[in-house]
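Asks: predicted structure and sequence below. I'll ask about it afterward.
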Amino acid sequence: MAKSVPAFINPAILAWARDQARLSPEAAAKAIAISVEKLLAAENGDAQLTFPQFLAAANVYKRAPSLFYLNEPPAGFQPIQDFRKLAEAEPGAFTPDLTAVIRQAQERRDLALDLHDDLGEPAAEFTFSATLNDDEEALGARIRSFLDVTATEQQAWRAKAFDHWRAKIEARDVLVFLIPGLPLTEMRGVAIAESRLPLILINSKDRTNGRTFTLLHEFCHLAVRASGVSGFGTDERRADAARVEQFCNAVAAAALVPKDWLLSETLVARKGSEKTWADDELAALAVRFGVSREVVLRRLLTLGRTTKAFYDSRRPAFQKEYDDLDSKKSTGGPPRHLVVLSQLGRSYAQLVFQGYYDRRLTLRDVSNYLNMQVKSVPAMEQATFGLKG
């Protein structure tokens, strides 16, 4: 029976993962639903966990299943380069769930780097760079040029704007992962600046156009090689982080909503000197650029087409919409393989399948790397490459 199939994982990593999770053998065994004796024997290499038991252990330790097949434990958890929270959230230490999310993303990056090298196609160096002294409008234009985004194609994206911006960024050897299960008040986006395969994490609970803004915000963090955690540490560090956040907000807005394009919009031009904006006007502009109404209004404020007082009067309504997202219950949804593809990204999934085609990975490896059952892999393959079943 399937439950009796041994997982053949590295026992040293099994023991290491439990230690990193700070769980006693008794607590870990109870959570995995096995005996303490079985767990310790597996850690010593004297027994093997079945595949379901191994997946349960990976879930309890909050580790990617593929990690347990490495020859040795990874070097260790590295501090992230950016942590974007909503302004109302209280600063404090990372929660265990957030720490696990970042750690898992870094592990997937390590695996992707290894795959690139094994396939003889090393990931390109991330060479796009900027400084906090750069002109925000000019940097926004540079980002559009670097990603090869034109106004004509952006107008056509509309509701699919996030997917297209993501594809443009992934094409530059940046990993973009969607993160489920975390409240927006805990995390909206994370950037991990690396010389190869830098990482961007986006909270999947956010609205699609909210994800788009966060994506460009985090890309700006990669460009300036920002370090530290926004809103944490000493007052001086918080001030430094606030400067980076404000800069990246402005650059993301400039990249998504270019000045000349916005001001040339008929709806904007005919408003003349009027400083107030109806909600349907903001919504119409938001659709054109594939962003949120708040991003449009903030951009209008930056360009002197509205007032700070009017922006502040609309801010609470926007914030309530964000708050409602955290309390919203999901009902139904797409098949599991489409959810995984959305979370991991098409470029990462294609890399894993390329490793399989090149006989660097087994089918079981593929299922581990993609965190899904073997029987779901064919459907995932079809979706990854746009094939018809």
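Replies: Right, received. Where do you want to start?
Asks: neighbouring contacts of stretch 254-270?
Replies: 136-137, 139-141, 143-144, 151, 212-213, 216, 220, 281, 284-285, 288-291, 295-296, 299-300, 303, 305 (Cβ atoms under 8 Å, 6 or more residues apart in numbering). Quick note: C-beta positions are derived from backbone N, CA and C, even for glycine.
Asks: now the buried members of those residues.
Replies: Buried by 16 or more other Cβ atoms under 10 Å: 136-137, 139-141, 143-144, 212-213, 216, 220, 281, 285, 288-291, 295-296, 299-300, 305, out of the contacts of stretch 254-270.
Asks: what about the strands in the chain?
Replies: Along the chain, counting by DSSP state E, strands occupy 82-84, 175-179, 189-192, 199-203.
Asks: in CSV: those strands, plus distance to Q373.
Replies: Below are the strands of the chain laid out as CSV (distance: least, Cβ to Cβ, whole Å):
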stretch, distance to Q373
strand 82-84, 33
strand 175-179, 20
strand 189-192, 28
strand 199-203, 25
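Asks: just tell me which of those ends up closest to Y357.
Replies: strand 175-179 (20.2 Å; Cβ to Cβ).
Asks: quick one: low-confidence ranges for the stretch 151-300 of the chain?
Replies: 227-240 (pLDDT under 70).
Asks: hey, where'd the helices end up in it?
Replies: Per DSSP state H, counting those that start in this stretch, the stretch 151-300 of the chain carries helices over the ranges 151-157, 161-170, 208-224, 235-256, 259-264, 266-269, 279-289, 293-302.
Asks: which of the ones you listed sits most buried?
Replies: Ranked by mean neighbour count, these are led by helix 208-224 with a mean of 25 (mean count of other Cβ atoms under 10 Å).
Asks: per-domain residue ranges of the chain.
Replies: 2-69, 82-254, 257-327, 336-384 (automatic domain parsing).
Asks: end to end, how far does the last one reach?
Replies: End-to-end distance of domain 336-384 (Cα to Cα, to the nearest Å): 13 Å.
Asks: for it, give the mean pLDDT please.
Replies: Confidence for domain 336-384, expressed as mean pLDDT, is 93.
Asks: from P25, how far out is S35?
Replies: 10 Å (Cβ to Cβ, to the nearest Å).
Asks: the two: who's more crowded?
Replies: In this view S35 and P25 are compared by other Cβ atoms under 10 Å, and P25 has more residues nearby, 15 against 12.
Asks: what residues are up against that one?
Replies: Shown in contact with P25 (Cβ under 8 Å, 6+ apart): R18, V36, L39, L40.
Asks: at 6 Å what do you get?
Replies: Neighbouring residues of P25 by Cβ atoms under 6 Å, 6 or more residues apart in numbering: V36, L39, L40.
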